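In: Sequence first, then the predicted structure:
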Amino acid sequence: MTDKRVCGKGLWTTLAALVISIGSTGAQAGLRYNMTEGVTEVSRGVHDLHMAMFWVCVGIGLLVFGAIVYSMVRFRKSVGARAANFHENTTVELVWTIIPFAILVIMTIPAAGMLIKMDDTSQADLTIKITGYQWKWHYDYLDENISFYSALAQDSNAARQLGAQIDLKSVDHYLLNVDHPVVVPIGQKIRFLITSNDVIHAWWVPDLAVKKDAVPGFINEFWTRIDVPGVYRGQCAELCGRDHGFMPVVVEAKTPEDYAAWLEAQRTPKVESAAVVADTALVAAR
């Protein structure tokens with residue numbers, strides 16, 4: 001008997017410690033149970049809409065289960081309550097039909113507005129074409145005549161190999177880093193055109209509230225406007241074959257000045273290459 005009480009006390013102590021640790025600020029900082037708020041106007045709008053609908057559902061749940069618990073306690077058989085015998089109540093049926101319908105309409109109006117806003121790719125400052133491959137991404141800056149492939153970073157690729165004796169904690173952003181991130185300027189509306197060269201992929205970056213399928217033979221489009229410089233990571237979110245899990249997305253948002261410098265750096269190798277070709281042709285002509 002004493003052993004059982006000791007074990008029970010130890011169990012409750014452990015549970016209490018677990019609850020306290022989860023409730024602490026430090027623990028919550030490392031846990032993400034909710035949708036990310038993101039770094040764009042759309043992502044924040046989606047998050048706010050999500051939270052509003054969540055609390056509406058919480059309120060409905062409290063009312064429904066509160067009524068159930070109250071009925072079970074207040075009208076239980078042990079206190080002499082007797083079940084009512086009735087078939088229909090037109091008033092009650094109207095109430096439980098009209099109220100849910102009104103709630104759905106109220107929730108639909110802001111949701112429809114957000115969907116319309118997310119679908120409006122007009123008046124873009126920059127257009128980037130994304131093409132999915134097994135298993136990498138190709139980016140074309142249509143306004144700048146710049147293009148490149150973006151694949152899993154070499155250190156992540158080496159660490160993922162079967163039998164690799166590499167501590168994954170030592171790999172920077174394991175499986176979420178690439179050799180060539182897509183670079184965009186902040187404060188500008190960026191239009192993306194997305195397709196695929198082989199199978200269906202999906203370009204997903206949670207911080208931007210963006211997830212769009214890349215379908216062979218079709219071009220889908222979406223847009224974003226990032227407010228804060230930084231590096232934002234995502235993944236392919238559509239099962240696309242053997243190496244689906246090794247197809248990350250990395251978006252690097254820069255200030256307009258840094259972005260202009262990056263563009264110039266991307267063009268420099270092409271200029272040098274053309275100069276080398278010209279020199280070679282001149283030597284050959286002599």
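Out: Done, it's in. As the structure is a prediction and not an experimental result, all values here were calculated from the model.
In: Could you report the neighbour count for His138?
Out: The tally of other residues near His138 (other Cβ atoms under 10 Å) stands at 16. C-beta coordinates here come from the backbone N, C-alpha and C atoms, glycine included.
In: Would you agree Trp96 falls within a helix?
Out: Yes: looking at Trp96 with DSSP: H, G, I helix; E, B strand; the rest coil, it is inside a helix.
In: got a pLDDT number for it?
Out: Note on Trp96: pLDDT of 86.
In: same deal with the one 3 residues further on?
Out: With respect to pLDDT, Ile99 has a value of 90.
In: following the host helix or strand of it, which helix or strand shows up next?
Out: Assigned by DSSP states H and E, Ile99 belongs to helix 90-118. Going down the chain from helix 90-118, the next helix or strand is strand 126-133, by DSSP H and E.
In: buried stuff in the helix or strand harbouring Arg44?
Out: Using DSSP H and E, Arg44 falls within helix 41-74. Residues of helix 41-74 classed as buried: Val42, Ser43, Gly45, Val46, His47, Leu49 (neighbour count, 16 or more other Cβ atoms under 10 Å).
In: Just the strands from the chain, written as ranges.
Out: 126-133, 136-141, 146-150, 182-185, 190-196, 201-205, 210-214, 220-224, 230-236, 248-254 (DSSP state E).
In: Quick check: which of the ones you listed is buried the most?
Out: strand 201-205 (a mean of 25; mean count of other Cβ atoms under 10 Å).
In: got the angle for it vs strand 230-236?
Out: Put simply, strand 201-205 runs at 150 degrees to strand 230-236, going by axes from the mean of the first three to the mean of the last three Cα atoms, to 10 degrees.
In: Dump strand 201-205 to CSV, restricted to CA.
Out: Only the C-alpha atoms of strand 201-205 are listed here, as CSV (Å, rounded to 0.1, in the frame of the first residue of the first chain):
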residue,chain,number,x,y,z
HIS,A,201,5.9,19.4,-57.0
ALA,A,202,4.8,22.1,-54.5
TRP,A,203,6.7,25.2,-53.6
TRP,A,204,6.0,25.9,-49.9
VAL,A,205,7.4,28.6,-47.6
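In: Okay, now the sheet partners of that strand, with direction.
Out: Paired neighbours of strand 201-205 in the sheet (DSSP bridges): strand 210-214 (antiparallel), strand 230-236 (antiparallel).
In: Outside of it itself, list whatever touches it.
Out: With contacts defined as Cβ atoms under 8 Å, 6 or more residues apart in numbering, strand 201-205 is touched by 130, 132, 137, 192, 194, 210-214, 232-238, 240, 247, 249, 251.
In: before we move on, what about stretch 171-185?
Out: 125-126, 128, 130, 137, 139, 148-156, 159-160, 168, 190, 224, 226, 231, 233, 235, 245-246, 248-256, 259, 262.
In: re earlier: could I get the strands paired with strand 201-205 as TSV with mean pLDDT?
Out: Converted to TSV, the strands paired with strand 201-205 look like this (pLDDT from 0 to 100):
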stretch	mean pLDDT
strand 210-214	95
strand 230-236	95
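In: With distance to Ala67 added, can I get those strands in TSV?
Out: Output for the strands paired with strand 201-205, formatted as TSV (distance: least, Cβ to Cβ, whole Å):
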stretch	distance to Ala67
strand 210-214	38
strand 230-236	43
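In: Minimum distance to Leu115: which of these has it?
Out: Closest of these to Leu115 is strand 210-214, at 13.4 Å (criterion: Cβ to Cβ).
In: Would you mind writing the CA trace of the closest one as CSV?
Out: Provided in CSV are the C-alpha atoms of strand 210-214 (Å, rounded to 0.1, in the frame of the first residue of the first chain):
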residue,chain,number,x,y,z
VAL,A,210,2.8,30.4,-49.8
LYS,A,211,2.1,26.9,-51.0
LYS,A,212,1.5,26.3,-54.7
ASP,A,213,1.7,23.2,-56.9
ALA,A,214,4.1,22.9,-59.8
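In: circling back: tell me which of the strands of the chain sits nearest to Val64.
Out: Among the strands of the chain, strand 210-214 comes nearest to Val64, with 32.2 Å by Cβ to Cβ.
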